[in-house]
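Chemist: Test case, fold it:
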Amino acid sequence: MAKSEKEPLLIKRYASRRLYNTETSDYVTLDDISGFIRDGRDVQIVDLKSGDDLTRQYLLQIIAEHESRGDTVLPTNILTDLVRSYTSQAQTMVPDFLSASFEMLREGQSKMMENLPTPMAGVPGLDQIKAQQEAFMKTMMGSWSGPSVETEPEEETSAAKDDESELEQIKKQLAQMQAALSKMGK
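Modeler: Modelled structure (predicted):
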């Protein structure tokens, strides 16, 4: 590949709304772009005439198409909370929260893959990672539906494992975020 894998793949949108891959000099579809992203490549989509960055618009369109086909990743309650976040003071915290949440998910997946002796060995711990992620999301999203009661974060024990200590840190951060959200709602 001529360009660095770190550089986003530049896609230009023509006036005809056709999308042009500048690396391969051919037209691409949303499914093609989705495939590039699944393969780990970042993309940048710009309007040829105005130079406007249209990446967010097209990424949202890709997500909407997947969700409408039944490839649901975002439960209705999460979508509802996202809509609410646009009209609340929590809007400023949502991007950071989502970014941290997906980073935690990526790290968990990486650790899980490192610990697998072979691809066919099953997926030990997947249910635990999924439950932790769901609890994390439910705790954070639950605080947007109304004022929450402040809770004291649990103290770490000196005998806690690394994973447990990371979980405790996350719980403390969530409690701090809930307290901040609760104060914003007043």
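
Chemist: Every contact and neighbour count from this point should use C-alpha atoms.
Modeler: Fine.

Chemist: so residue 104, which of the three states?
Modeler: helix (DSSP: H, G, I helix; E, B strand; the rest coil).

Chemist: Roughly how far does it sit from residue 27?
Modeler: According to CA to CA, to the nearest Å, residue 104 stands 35 Å off from residue 27.

Chemist: again, but for residue 56
Modeler: Going from residue 56 to residue 27 by CA to CA gives 19 Å.

Chemist: Can you pick out the residue with more neighbours from these two?
Modeler: Using other CA atoms under 10 Å, the more surrounded residue of residue 56 and residue 27 is residue 27, with 14 against 11.

Chemist: Just give the nearest non-adjacent residue to that one, would you?
Modeler: Nearest non-adjacent residue to residue 27, counting by CA to CA, 6 or more residues apart in numbering: residue 20, 4.4 Å away.

Chemist: Give me the pLDDT for that neighbour.
Modeler: If you check residue 20, the pLDDT there is 96.

Chemist: part of a helix, is it?
Modeler: No - Residue 20 is assigned strand when assessed by three-state DSSP, not a helix.

Chemist: That one contacts residue 30, doesn't it?
Modeler: No - here residue 20 does not reach residue 30: they are 11.0 Å apart, not a contact under CA atoms under 8 Å.

Chemist: which other helices and strands contact whichever helix or strand residue 12 is part of?
Modeler: Here residue 12 sits within strand 9-13, counting by DSSP states H and E. For strand 9-13, the packing partners by 3 or more CA pairs under 8 Å, 6 or more residues apart in numbering; DSSP states H and E come out as strand 19-21, strand 43-47.

Chemist: pLDDT (mean, whole number) over the longest one?
Modeler: In this case it means strand 43-47. The model assigns strand 43-47 a mean pLDDT of 96.

Chemist: what's the angle between it and strand 9-13?
Modeler: Angle, strand 43-47 to strand 9-13, by axes from the mean of the first three to the mean of the last three CA atoms, to 10 degrees: 30 degrees.

Chemist: neighbour count winner among residue 20 and residue 30?
Modeler: Set side by side, residue 20 and residue 30 show more neighbours around residue 20, with 20 against 14, by other CA under 10 Å.

Chemist: need the contact list for the more buried one.
Modeler: Under the criterion of CA atoms under 8 Å, 6 or more residues apart in numbering, the contact list for residue 20 reads 11, 12, 13, 14, 26, 27, 28.
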